[in-house]
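Novice: Coordinates for the following, if possible.
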Amino acid sequence: MKKSRAAGMDMLHGSMFDKMLLFALPLAAGSILQQLFNAVDVAVVGRFSSSQALAAVGANSSVISLLVNLFVGISVGANVVIAHLIGKGEKDRVKSAVHTALLLALISGVLMMFVGLVIARPLLALMSTPEDVLDMAVLYLRIYCLSMPFSMFYDFGASILRSVGDTKRPLICLVTAGLLNAVLNLFFVIVCGLSVSGVAIATVISNVVSAGLMLYFLYHTEEIVRADLKALRLNKTELIQILKIGIPAGIQGMVFSVANVCIQSSVNSFGSDAVAGSSVAVNFEMFSYYVVNGFNAAVMTFMSQNLGAGNRKRCRKAYGIGMASAVVSVLILNSIMFLARNPLIGLFTGDPAVADFAVQRMSVVLLTHFMICSYEITGSALRGVGKSLVPAVLTVFGTCVLRIVYVNTVVIRHHDFRILMAVYPFSWIVTGAMVVIAFFVVMKKMHILWNKHAN
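Specialist: Now for the predicted structure:
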């Protein structure tokens, strides 16, 4: 069978701004499209089932993030390690790292599937999920967990392709699977009357399709990262390097999710209308987050490859371009969504009480969401130069410890939904300041070390 044409880019030479845009925008567009398709889950059950079904789907977002973020973080480690080896020109080690990452994806996916099935009900009950929502939420989560191995394979595969600058083929996977998910949502919920279970089944099928497409692309690419299923094995050296970068990033994501579970528990205390309204508003926050995430991946990959090639000037330039582009893009996107908030919310629900909670969250969280660039982009820059533990520790404190303390002090004393939502911008300011300061300290130390070696 004919191999697909190479789709990577040269990150080591020439203009950087346009290449970073070409890297980041397809990734952001693909994730936004995926979120649009995921939003169909919420919109379909909200419009064609009930507010309780809408709340059941929304109540699971933080739980799913908690389950998968460790291994998504490890996939970031795979991206950094492979990109660094490509920059150094070590082809044999690149191939070893690719096959180590893919086998690790399958192992982690199977593990998370069983963990999710076991802890679904106890965890959702611990979060004080409203009684009129709990059974549906448990059903959704258990069905969703069946797709974990496929979801992990796609995430690791996409990280591998991004290490050579290919964000187009992951986009194809997302668009194809997302369109299928949207169609199946409508079929299972409206035609078959399956409500929450129909939405979950559609998600499982779409994740299987995205993993299948990713396998095809990895198996037939002409790039150095071409996969061979017969070569799948865990290489100790590459595995340790991937875990060294990935585990701190994954723990950061997990602890971040623990804080969000804590916040979700507090949201649950306002009743099912608040849960439903919050889940509607989160969709819009995810759109802007994925824009930031696109530039995250660009900064991390460009810095990693150029560090491997010994080009420090391009490393610094990549950080500046990524930060400025992310902040401007998010400010524009979120302003548009907030101005159009009423018709946008109307796509998800016709319940005035649910819509009111959605507006409250958007007015506090969405309008300040650009602040996440401070620690997200900077943290990715640090991971790109191999310093994954520093942003992990600081982000754990700023977005987990600080939020838990806030929820258990301020919110308990002032049980108001807007005050609860204020935990987000408050934690972003503190976290961003700490991570940016740490970045410049680390880069200064690395600069001194480089100069010593040069002399």
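
Novice: C-alpha only now, for contacts and for neighbours.
Specialist: Will do.

Novice: Which of the three states applies to the residue nearest to residue 184 when sequence neighbours are not counted?
Specialist: The shortest distance from residue 184 to any non-neighbouring residue, by C-alpha to C-alpha, 6 or more residues apart in numbering, is to residue 202 (5.3 Å). State at residue 202, reduced to three classes by DSSP: H, G, I helix; E, B strand; the rest coil: helix.

Novice: how close does residue 202 sit to residue 194?
Specialist: Note on residue 202: its distance to residue 194, by C-alpha to C-alpha, to the nearest Å, is 11 Å.

Novice: can you pull the contacts of the residue nearest to residue 184?
Specialist: Listed by C-alpha atoms under 8 Å, 6 or more residues apart in numbering, the contact set of residue 202 reads 180, 181, 182, 184, 185, 188.

Novice: how about these in CSV, adding secondary structure?
Specialist: Output for those, formatted as CSV (three-state DSSP):
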residue, secondary structure
180, helix
181, helix
182, helix
184, helix
185, helix
188, helix
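
Novice: Which one of those is nearest to residue 385?
Specialist: Closest approach to residue 385 among those (C-alpha to C-alpha): residue 181, at 37.2 Å.

Novice: Might one say that the closest one is in contact with residue 205?
Specialist: Yes - counting by C-alpha atoms under 8 Å, residue 181 does reach residue 205; the two are 7.4 Å apart.

Novice: which of these two has more neighbours?
Specialist: For residue 181 versus residue 205, the count of surrounding residues by other C-alpha atoms under 10 Å is larger for residue 181: 27 against 18.

Novice: distance of that one from residue 40?
Specialist: For residue 181, the distance to residue 40 - C-alpha to C-alpha - is 8 Å.

Novice: any chance you could map the strands in the chain?
Specialist: Assigned by DSSP state E, the chain shows no strands.

Novice: Low-confidence bits of it, can you list those?
Specialist: For the chain, applying pLDDT under 70 flags the ranges 1-9, 34-39, 41-42, 46, 48-49, 58, 62, 448-455.

Novice: Pull the contacting residues for residue 305.
Specialist: 11, 12, 83, 84, 85, 86, 87, 88.

Novice: Return the residues in contact with residue 357.
Specialist: For residue 357, the contact set (C-alpha under 8 Å, 6+ apart) comprises 273, 274, 277, 278, 417.

Novice: Repeat the analysis, applying 10 Å as the threshold.
Specialist: 270, 273, 274, 275, 276, 277, 278, 279, 280, 281, 417, 418 (C-alpha atoms under 10 Å, 6 or more residues apart in numbering).

Novice: Closest one to residue 119 out of these, please.
Specialist: residue 275 (20.8 Å).

Novice: Next one: the closest one from residue 30, what distance?
Specialist: 27 Å.

Novice: more neighbours, those two?
Specialist: A direct count of neighbours by other C-alpha under 10 Å for residue 275 and residue 30 places residue 275 higher, at 30 against 25.

Novice: The closest residue to the more buried one other than its chain neighbours and residue 100: what is the separation?
Specialist: Nearest non-adjacent residue to residue 275, counting by C-alpha to C-alpha, 6+ apart: residue 55, 5.4 Å away. Noted for residue 55: a distance of 39 Å to residue 100, by C-alpha to C-alpha.
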